[in-house]
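Asker: Predicted model and sequence below, questions to follow.
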Amino acid sequence: MSKFYTTYNPEHLSKIGHTIIFLAENIENLSKTKILKLLYILDELSIKKGGIPFLNLKYKVWKFGPVSEDIFIELSTEPTLLKNYIEKTTNSDGQTFIQPKVKFNDDEFSQNDIELLQFVTDNFGKKTAKELVSHTHRKLSPWYNTAKENNILELLINENISNSEYIIDLSQLVSHDERKTALYKDYLAYH
């Protein structure tokens with residue numbers, strides 16, 4: 001039987017929740033699209049750096065992807081999985097932003113994690129959602145490669161489709177490095 005759902009243990013939810021809290025505490029007007037892009041960038045940079053994902057989320061090839069569908073749903077509705085960490089607020093223009101419910105707690109984070117969070121905040125936090133989408137869609141990026149390999153790149157670009165079920169294989173980020181590839185595969189095997 002196929003598994004059609006993802007389960008999160010309390011530690012994983014805490015790390016996701018506190019990652020979003022960190023971003024919300026350090027970036028003004030944090031929108032859903034911006035959060036989705038920053039979470040992906042954290043995973044991408046972490047894998048490139050040491051072969052280990054930051055959050056180990058599954059990302060799908062969507063028009064504005066890569067997107068973790070679970071987090072997309074969580075941020076599109078009233079939070080349930082992350083209800084203890086974040087809330088949605090709407091400004092007078094009708095724009096929705098994510099606000100922390102509690103202060104950032106670093107219990108689930110290594111020093112390298114904190115440094116990577118700060119790096120992403122400093123280098124990507126002031127970019128617009130549109131700029132972040134362009135960054136994640138750059139030529140030869142995992143999103144681009146997966147869309148192209150599955151013959152949906154043009155469909156996405158031309159807005160003939162807005163999403164897909166294709167999961168982005170992030171191992172391509174370290175395919176040139178045997179040590180990092182082994183670390184990545186070992187991590188996936190045990191998480």
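Answerer: All right, it came through fine.
Asker: For the rest of this, base every contact and every neighbour count on C-alpha atoms.
Answerer: OK.
Asker: where do the strands sit along the chain?
Answerer: Chain-ordered strands for the chain, with DSSP state E as the definition, fall at 86-90, 96-100.
Asker: Low-confidence ranges, the protein, go.
Answerer: Regions of the chain meeting the criterion pLDDT under 70 cover residues 1-6.
Asker: Could you list every helix and strand that the longest helix belonging to it packs against?
Answerer: Counting residues, the longest helix found in the chain (DSSP state H) is helix 32-50. With contacts taken as 3 or more CA pairs under 8 Å, 6 or more residues apart in numbering; DSSP states H and E, helix 32-50 sits against helix 69-76, strand 96-100, helix 111-124, helix 129-136, helix 178-190.
Asker: The second one packs against which elements?
Answerer: Read it as strand 96-100. Helices and strands in packing contact with strand 96-100 are listed as helix 10-26, helix 32-50, strand 86-90; criterion 3+ CA pairs under 8 Å, 6+ apart.
Asker: and the angle from the shortest one to helix 10-26?
Answerer: Spelled out, that is strand 86-90. Comparing the axes of strand 86-90 and helix 10-26 via axes from the mean of the first three to the mean of the last three CA atoms, to 10 degrees yields an angle of 40 degrees.
Asker: Going by neighbour count, list what's buried in strand 86-90.
Answerer: Buried residues in strand 86-90, counted by 16 or more other CA atoms under 10 Å: 86-88.
Asker: Take the helices and strands packed on helix 32-50 and lay them out in CSV including distance to residue 63 and mean neighbour count.
Answerer: Output for those, formatted as CSV (distance: least, CA to CA, whole Å; neighbours: other CA atoms under 10 Å):
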stretch, distance to residue 63, mean neighbour count
helix 69-76, 13, 16
strand 96-100, 20, 20
helix 111-124, 20, 15
helix 129-136, 9, 17
helix 178-190, 26, 14
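Asker: do you know which of these lies nearest residue 163?
Answerer: Counting by CA to CA, residue 163 lies closest to helix 69-76 out of those; the figure is 10.1 Å.
Asker: And the contacts of the closest one?
Answerer: Where contact means CA atoms under 8 Å, 6 or more residues apart in numbering, the residues beyond helix 69-76 that reach it are 32, 36, 58-60, 80-82, 88.
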